[in-house]
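Colleague: Let's see this in three dimensions:
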Amino acid sequence: MKNSNYTVMKKISILLFAFVAALCFNACIEDEDPTFVLEQEQTEGPLIVSANSTIALTKENENLQGFTLVWEDAQYNVNTPISYTIQAAAAGTDFANPLEVAVTTDRFYSWTIGELNSLAILLELEPDNEASFELRVVSSLGTNGGASITSNPVALTVTPYSTIIVTRNLFLVGNTVDTNKDGVANNDDWNNGATNTYLFRDPDNSNIFYFRGFFEFNDGENEFKLLENKGAWQPQWGLDGGGFTSSDILGGDPGAFTIGSSGYYELIVNIDELTHELNAIDITGATEYTTIGFIGSARTGDDTGWGGDDTDLIQSPFNPHIWYAENVTLFDGALKFRHSNDWPGNWGGSTPLTGQATTEGNPPDTPVIAGTYDIWFNDLDGRYIFVPRN
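Modeller: Sure, this is the predicted structure:
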């Protein structure tokens, strides 16, 4: 009987050891950031076999295939899928601030002419000037960049053409703002598909937005939010516990911004750092203009656009310092904003699509990329934004 009990206990011990070993093995393979031990040191990363190239970029051929990046497989001594991250950077920067283009498990990646052009613009290569940018591939194991190795770079020489890069925009909705432009703010202005007033995006940081304007407090109606896409409630931006956030981050709708009384406010938000400022401002002494319009070659595609009367903007009936025009087709060229159809008072900015115009001295001509836009202008601070129409 003693030997029988010993045998049973021995079997139980073996089973317990096997169970604990299995748990340890599972815990290791389910770790979110696994550490792989290679049998021998890997000293060479993926090898790009595509050659340095000069590629003609033309808008007429934007849908044609432009370039395919091909590389040889990185060799790791473990049996696990390899992930490849494609990075891009302006030539000569040594990838100090690389732009992540794509992640793939394939050993090739293709761009159309239009996609290459957009990539060049995002890397801040100037339109109509020949320049180069570089591509490289970073291989890694697992989902968290384990055992990453960088490939050799390949250079592409291009001459970008002017194009519109689709960028996130924010507009106002709520019962403190006039979205339907009937001159009053109330609950009818919780309307995501009206003539909603846009915030003005920073020309140097696409994550920062500004707005100076009037907000109305009516019998407890003191709320507003920010939306991105006309006709859609998501994503929406607002507050949670006093902090700036979005529905994408929360997984549900954020709370609204609120004001304590009617008046002019300055709103600044950063959708990357999740910061916001909303402060009352004093605009005593600000001029209320009767007319503001724009003039320039962007109206016609040639210098005749600088002649004749301005193309008038519409003055908001709710906020006399906000001006807009919808569904305006413009040509490659330039324009200036001005009041009273005359030159003594004109605004010009140095950046396309969005910026802050000045009246100082002889203002610059505001550059325009051909397209159809909704145009918004704020005469309190000279900010402007051209919102591309789909």
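Colleague: Show me the helices in the stretch 1-150 of the chain, by range?
Modeller: 2-29, 113-122 (DSSP state H, counting those that start in this stretch).
Colleague: per-stretch mean pLDDT over these, give me the minimum one.
Modeller: When the helices of the stretch 1-150 of the chain are compared by mean pLDDT, helix 2-29 comes last with a mean of 40.
Colleague: Average pLDDT for the helix or strand that contains residue 248, rounded please.
Modeller: With secondary structure defined by DSSP states H and E, residue 248 is part of helix 247-250. What helix 247-250 shows for mean pLDDT is 96.
Colleague: Same check on stretch 356-366?
Modeller: Throughout stretch 356-366, pLDDT has a mean value of 94.
Colleague: what do you get for stretch 213-224?
Modeller: Stretch 213-224 comes out at a mean pLDDT of 93.
Colleague: now the end-to-end length of that stretch.
Modeller: End-to-end span of stretch 213-224 (CA to CA, to the nearest Å): 13 Å.
Colleague: tell me which residues of that stretch are tucked away?
Modeller: Using 16 or more other CB atoms under 10 Å as the burial criterion, the residues of stretch 213-224 that qualify are 213-217, 221-224. Any C-beta I mention is one placed from the backbone N, CA and C, and that applies to glycine too.
Colleague: closest to residue 323 among these?
Modeller: Using CB to CB, residue 213 comes nearest to residue 323 of those, at 11.5 Å.
Colleague: where does the chain have low pLDDT?
Modeller: The chain contains residues with pLDDT under 70 at 1-44, 76-80, 142-146.
Colleague: which strand in it runs the most residues?
Modeller: Of all segments of type strand in the chain, defined using DSSP state E, the longest is strand 131-141.
Colleague: That one versus helix 113-122: what angle between them?
Modeller: If you take axes from the mean of the first three to the mean of the last three CA atoms, to 10 degrees, strand 131-141 sits at 100 degrees to helix 113-122.
Colleague: What pairs with strand 131-141, parallel or antiparallel?
Modeller: Within its sheet, and counting by DSSP bridges, strand 131-141 is paired with strand 82-90 (antiparallel), strand 146-150 (antiparallel), strand 154-158 (antiparallel).
Colleague: Let's see the longest one as PDB, backbone CA atoms only.
Modeller: Think strand 82-90. Listed next in PDB are the C-alpha coordinates belonging to strand 82-90 (Å, rounded to 0.1, in the frame of the first residue of the first chain):
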ATOM      1  CA  ILE A  82       8.200  40.000 -39.800                       C
ATOM      2  CA  SER A  83       6.700  43.400 -39.900                       C
ATOM      3  CA  TYR A  84       8.100  46.100 -42.200                       C
ATOM      4  CA  THR A  85       7.600  49.900 -41.600                       C
ATOM      5  CA  ILE A  86       8.300  52.200 -44.500                       C
ATOM      6  CA  GLN A  87       9.700  55.600 -43.500                       C
ATOM      7  CA  ALA A  88      10.300  58.700 -45.600                       C
ATOM      8  CA  ALA A  89      12.400  61.800 -45.100                       C
ATOM      9  CA  ALA A  90      13.700  64.800 -47.100                       C
END
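Colleague: quick one: contacts of it?
Modeller: Strand 82-90 is contacted by residues 46, 69, 71, 73-74, 76, 95-107, 109, 119, 123-125, 131-143, 145 when judged by CB atoms under 8 Å, 6 or more residues apart in numbering.
Colleague: Thought residue 119 was touching residue 165, still the case?
Modeller: No - with contacts counted by CB atoms under 8 Å, residue 165 stays clear of residue 119, the gap being 9.8 Å.
Colleague: ok, these two, which is more surrounded?
Modeller: Set residue 165 next to residue 119 and count neighbours by other CB atoms under 10 Å: residue 119 wins out with 22 against 13.
Colleague: what number of residues lie near the closest residue to the more buried one other than its chain neighbours?
Modeller: In this structure, residue 119 finds its nearest non-sequential neighbour in residue 88, 6.0 Å apart by CB to CB, 6 or more residues apart in numbering. Residues near residue 88, counting by other CB under 10 Å, number 20.
Colleague: can you map out the strands along the stretch 201-350 of the chain?
Modeller: 208-215, 223-227, 236-240, 243-246, 257-258, 263-270, 275-280, 292-295, 311-312, 314-315, 322-330, 333-339, 346-347 (DSSP state E, counting those that start in this stretch).
Colleague: Same list, those strands, but as TSV with distance to residue 58 please.
Modeller: TSV is the format used below for these (distance: least, CB to CB, whole Å):
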stretch	distance to residue 58
strand 208-215	33
strand 223-227	36
strand 236-240	38
strand 243-246	38
strand 257-258	45
strand 263-270	37
strand 275-280	41
strand 292-295	29
strand 311-312	30
strand 314-315	37
strand 322-330	21
strand 333-339	19
strand 346-347	34
